[in-house]
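A.B. asks: Please find the sequence and the predicted model below.
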Amino acid sequence: MGRLFGINGVRNAVTELTFELAMQIGRATAYVLTKKLNRKPLIYIGKDTRKSSDIYEAALCAGICSVGADAVRLGVLPVSATAYLTKKKKADAGIMISASHKSTEFNGIRLFSGTGYSFSDDVEEEIERLILDNPEKITLSSGSGVGAISDYENSAEDYISHILGCAKTRLDGLKIAIDCSNGSASVTAEKIFTSLGAEVKLIANEPDGLNINKECGSTHIDGLMEFVIENGCDCGLAFDGDADRCLAVDENGELIDGDKLIAFCAKEYKKQDKLMNNTVVVNVMTNLGLVNFAKENGINVVTTAVGDKYILAKMLDGGYNLGGGQNGHIIFPEDIPLGDGQLSGARILGILAQSGKKMSELASLMTKFPQVMINVPINVKKREIWKNNSEITSLIEQHQEALGELGRITVRENAAEPIIRVMVEGKEFKNINSIAIEIADRIKKHTL
């Protein structure tokens, strides 16, 4: 993990991600690209609905243009739209301003190469070195040498057109509720799903700069659950602030998480002989129920570290076309360069429409294993030491052996904050809960 860039770019409280730093990121990114391309780069910038996003946009534009590169403002868009348009229009890089599912006091900056995928670690490290170690190496432009700022007037329309082209299946007869999380989907979701023929009821679609993800969206789904029942909807979809996540709610108001949604898609893709290499890619936090479901349906599962960056890399390396995580990040790389909540929603609703079943019936195809998660705070000076502590590792091994194939223990350190996540799965909740508590207590003993 880099000094500035994590799994999904720079993401911090506004007080830490200063506007000066944003300008430096724009400047260093443009400077690195200029040296690599030996010409003036063109950089696209998208943003979510946070009040601070406008100022970060201005700072990034100033930094980009200060070294002679050009900046194009896309306006408010999903993160996947920024990546898609960067690739489609052959820009040299894209930047998304968003802190995704976090609240309004946070914001972030995520970089994309001209392919629509994240920059390589080497490029990100080069940008970091310029900002943190050698800012004096950047040569500033002046006079007629500075870059220009322009606006992409039809960015949302072009993105919507692409999603409609990918979705294909009509949704006539479906009544759906959509929670836009007062974020990027607020400018695109209604047009996408009504164009596909659904009757659409929107909630959390009136962003005011401060209410993004506030008691709404994929991380606060209770409101959508109630809304679906009260309005007699066939199902509901919930996105997050930058619309790369999608979770669903069935007609009874029950949550359907990313693991179950991936199971829907995998079975349908296999049925249509579209599942590349007969494989889905998931992360280590994926519920064992999905692994069992895949085995029962003759589907292979490949597992990666947590983070859609790692899932996507594995998909591209192996030639796979379906992957994602429990949190609702689902990736269809043939259609768009990263997770796209609205494309995921359209695909899931398409399966529902064609099945003639209720959403709850589809959800029952996969049985989830009980899962317990405990976050253990640790002393920041004691990062990673638990991996070499035999008292901790032997306890984990002992319990894993006892659980066998019908259970799993995952212990991982969070990159963004000093905590260790202990996750235990198995058939019996009481058993796995006891195991999780015992492991967490052992970790606390040695890491606080």
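C.D. replies: Structure received. Remember, predicted model here, so these are calculated numbers, not experimental data.

A.B. asks: what about Thr49, distance to Asn182?
C.D. replies: The spacing between Thr49 and Asn182, counted by Cβ to Cβ, to the nearest Å, is 6 Å. Where C-beta positions appear, they are placed from N, C-alpha and C, glycine not excepted.

A.B. asks: what do these two both touch?
C.D. replies: 207, 212, 241 (Cβ atoms under 8 Å, 6 or more residues apart in numbering).

A.B. asks: give the contact list for the second one.
C.D. replies: Pointing back at Ile212 there. Taking Cβ under 8 Å, 6+ apart as the test, what Ile212 contacts is 48-50, 103-104, 181-183, 241.

A.B. asks: Among these, which one is most surrounded by other residues?
C.D. replies: The residue in the contacts of Ile212 with the most neighbours, by other Cβ atoms under 10 Å, is Ser181 (37 neighbours).

A.B. asks: mind checking the SS state of that one?
C.D. replies: Following DSSP: H, G, I helix; E, B strand; the rest coil, Ser181 is assigned to coil.

A.B. asks: tell me the pLDDT at it?
C.D. replies: Looking at Ser181, its pLDDT is 98.

A.B. asks: can you pull the contacts of it?
C.D. replies: Ser181 is in contact with 101, 204, 212-213, 216-218, 238-241, 243, counting by Cβ under 8 Å, 6+ apart.

A.B. asks: For the closest residue in space to it that isn't next to it in sequence, what is the enclosing helix or strand?
C.D. replies: Nearest residue to Ser181, sequence neighbours excluded (Cβ to Cβ, 6 or more residues apart in numbering): Gly217, at 2.8 Å. Per DSSP states H and E: Gly217 is located in neither a helix nor a strand.

A.B. asks: Tell me how many other residues surround Gly217.
C.D. replies: Counted with other Cβ under 10 Å, the neighbours of Gly217 add up to 28.

A.B. asks: Over to Asn388?
C.D. replies: 8.

A.B. asks: Do you know the pLDDT at it?
C.D. replies: The model's pLDDT for Asn388 equals 86.

A.B. asks: same check, this time on Asn8
C.D. replies: Asn8 carries a pLDDT value of 61.

A.B. asks: Do you have the helices of the stretch 101-250 of the chain handy? List them.
C.D. replies: 121-132, 155-167, 189-195, 222-230 (DSSP state H, counting those that start in this stretch).

A.B. asks: how about a markdown table for the ones you listed, with mean neighbour count added?
C.D. replies: Converted to a markdown table, these look like this (neighbours: other Cβ atoms under 10 Å):
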| stretch | mean neighbour count |
| --- | --- |
| helix 121-132 | 17 |
| helix 155-167 | 18 |
| helix 189-195 | 20 |
| helix 222-230 | 18 |
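
A.B. asks: measure the residue lying closest to Ile256 once chain neighbours are set aside to Arg347 for me?
C.D. replies: Spatial nearest neighbour of Ile256, chain neighbours left out: Ala248 (4.1 Å); criterion: Cβ to Cβ, 6+ apart. Counting by Cβ to Cβ, the separation of Ala248 from Arg347 is 11 Å.

A.B. asks: out of the two, which sits in the busier spot?
C.D. replies: More crowded of Ala248 and Arg347, by other Cβ under 10 Å: Ala248, with 30 against 25.

A.B. asks: looking at the chain, which helix or strand does the model trust least?
C.D. replies: strand 10-13 (a mean of 59; mean pLDDT, DSSP states H and E).

A.B. asks: Touching whichever helix or strand comes after that strand from outside, list them.
C.D. replies: Counting by DSSP H and E, the next helix or strand C-terminal to strand 10-13 is helix 19-37. Here helix 19-37 makes contact (Cβ under 8 Å, 6+ apart) with 4, 10, 40-41, 43, 55-56, 58-64, 66-69, 71, 92-93, 95, 109, 111, 123, 126-127, 130-131, 135, 138-139, 147.

A.B. asks: and the residues you listed, which are buried?
C.D. replies: Neighbour-count burial (16 or more other Cβ atoms under 10 Å) applied to those gives 4, 10, 40-41, 43, 56, 58-64, 66-69, 71, 92-93, 95, 109, 111, 123, 126-127, 130-131, 138, 147.

A.B. asks: shaky segments in this protein?
C.D. replies: Flagging of the chain using pLDDT under 70 yields the residue ranges 1-2, 6-15, 416, 448.

A.B. asks: Just give me the neighbour total for the nearest residue to Pro370 once chain neighbours are set aside.
C.D. replies: Distance criterion Cβ to Cβ, 6+ apart; nearest residue to Pro370, sequence neighbours excluded, is Phe429 at 4.1 Å. Residues near Phe429, counting by other Cβ under 10 Å, number 13.

A.B. asks: ok, which stretches of the stretch 251-400 of the chain are helices?
C.D. replies: Using DSSP H, counting those that start in this stretch, helices in the stretch 251-400 of the chain cover 258-271, 288-296, 308-318, 341-355, 359-363, 390-403.

A.B. asks: Now do Ile160 against Lys87, distance only.
C.D. replies: Look at Ile160 and Lys87: by Cβ to Cβ, they are 17 Å apart.

A.B. asks: For His399, the count of nearby residues, please.
C.D. replies: Residues near His399, counting by other Cβ under 10 Å: 20.

A.B. asks: Could you shift the numbering so residue one becomes 549, and keep it that way?
C.D. replies: Will do, 549 is the new start, and the previous item becomes His947.

A.B. asks: Quick check, it in contact with Ile987.
C.D. replies: Yes: using Cβ atoms under 8 Å, His947 is in contact with Ile987, at 7.1 Å.

A.B. asks: what sits in contact with each of these two?
C.D. replies: With Cβ under 8 Å, 6+ apart, His947 and Ile987 have common neighbours 957, 972.
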